[in-house]
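J.: 3D, please:
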Amino acid sequence: MIVTALVLAAGSSRRLGQPKQLLPFREATLLDATIETVTGFGFAQTIVTLGGAAPEVRETVDLSGVDVVDSVHHTNGCSSSIVSALDAINPKAAGFVLFLGDQPGVPSAAVDSLLDAAAAGAELAVIEYNDGTGHPFWFARSMFGPLADLHGDKAVWKLLESGQHETARVRVDADIPLDVDTWEDYQQLLASD
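T.: Predicted coordinates:
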């Protein structure tokens, strides 16, 4: 089964006050670390969406080996980044796994579980961690239409919680991987690495 990885890295980092994609992490940047994690899972294609601080990200982050999509409406929320990337997904892909660009600690067990759910025919799949539901998510190609109609921030969560689409919930014995929205989040990520 051909599967694409989609990494959302177009945010403006308003809460943090500086481009979180470029925060120093593991001798490179936070986005470098996330891309390294995601590409390590061996997807057929990896797409990274850029928006906020795109010129600086292109200059600083190693984007070799990934397809870059510019999310021109990134200030309208993460759904605009998903919409902008749909046409770039390999037409032979059965769907995609959605990752956050500021979440480098996704465990392989989470990805393996999502891919198992996808292979079993799930249109949507989410991870149930020890402390709640979290990324990454699986979306089959049959979900591209509903995804294309999304607007605003947290729209993917609203889609998942709408009850209109059956969602596979796969259990992983780990906590939700840290993501960075605030300076405190960043300090916590550094301390835990």
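
J.: As a check, name the ranges of all helices in this protein.
T.: 30-39, 54-60, 78-86, 108-119, 144-148, 155-161, 183-192 (DSSP state H).

J.: closest one to Gly132 among those helices?
T.: helix 155-161 (11.9 Å; Cβ to Cβ). To be clear about C-beta, it is placed using only N, CA and C from the backbone, and glycine gets the same treatment.

J.: Which positions within that closest one qualify as buried?
T.: 155-156, 159-160 (16 or more other Cβ atoms under 10 Å).

J.: Could you dump these into TSV with pLDDT and distance to Ile176 added?
T.: Converted to TSV, these look like this (pLDDT from 0 to 100; distance: Cβ to Cβ, whole Å):
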residue	pLDDT	distance to Ile176
Ala155	70	20
Val156	77	15
Leu159	77	19
Leu160	80	15
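
J.: now, among these, which is nearest to Thr29?
T.: Nearest member of the buried residues of helix 155-161 to Thr29, counting by Cβ to Cβ, is Val156, at 24.5 Å.

J.: Identify the single longest strand in the chain, thanks.
T.: strand 132-140 (DSSP state E).

J.: partners of it, with directions?
T.: Sheet pairing of strand 132-140 (DSSP bridges) gives strand 95-100 (antiparallel), strand 124-129 (antiparallel).

J.: just the ones you listed: most buried one?
T.: strand 95-100 (a mean of 25; mean count of other Cβ atoms under 10 Å).

J.: got TSV for the buried residues of helix 155-161, with distance to Phe43 too?
T.: TSV is the format used below for the buried residues of helix 155-161 (distance: Cβ to Cβ, whole Å):
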residue	distance to Phe43
Ala155	23
Val156	19
Leu159	22
Leu160	21
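
J.: For the closest residue to Val83 other than its chain neighbours, grab the count of nearby residues.
T.: Nearest non-adjacent residue to Val83, counting by Cβ to Cβ, 6 or more residues apart in numbering: Ala148, 5.7 Å away. By the measure other Cβ atoms under 10 Å, the count of residues near Ala148 is 12.

J.: Start at 267, not 1
T.: Sure, I'll start counting at 267 from here, so that last one is Ala414.

J.: circling back to that earlier point, how big is the angle separating the longest strand of the chain from helix 296-305?
T.: 60 degrees (axes from the mean of the first three to the mean of the last three Cα atoms, to 10 degrees).

J.: Show me which of the buried residues of helix 421-427 is closest to Asn356.
T.: Val422 (20.4 Å).

J.: any idea how far that closest one is from Leu272?
T.: Distance check for Val422 against Leu272: by Cβ to Cβ, to the nearest Å, it reads 11 Å.

J.: intersection of neighbour lists for those two?
T.: Taking Cβ atoms under 8 Å, 6 or more residues apart in numbering as the contact rule, the neighbours common to Val422 and Leu272 are 348, 364.

J.: The residue nearest the centre of the chain bridge partners, please.
T.: Centroid-nearest residue in the chain: Phe365, 1.7 Å away (criterion: Cα atoms, centre = their mean). Beta-bridge partners recorded for Phe365 (DSSP bridges): Val273.
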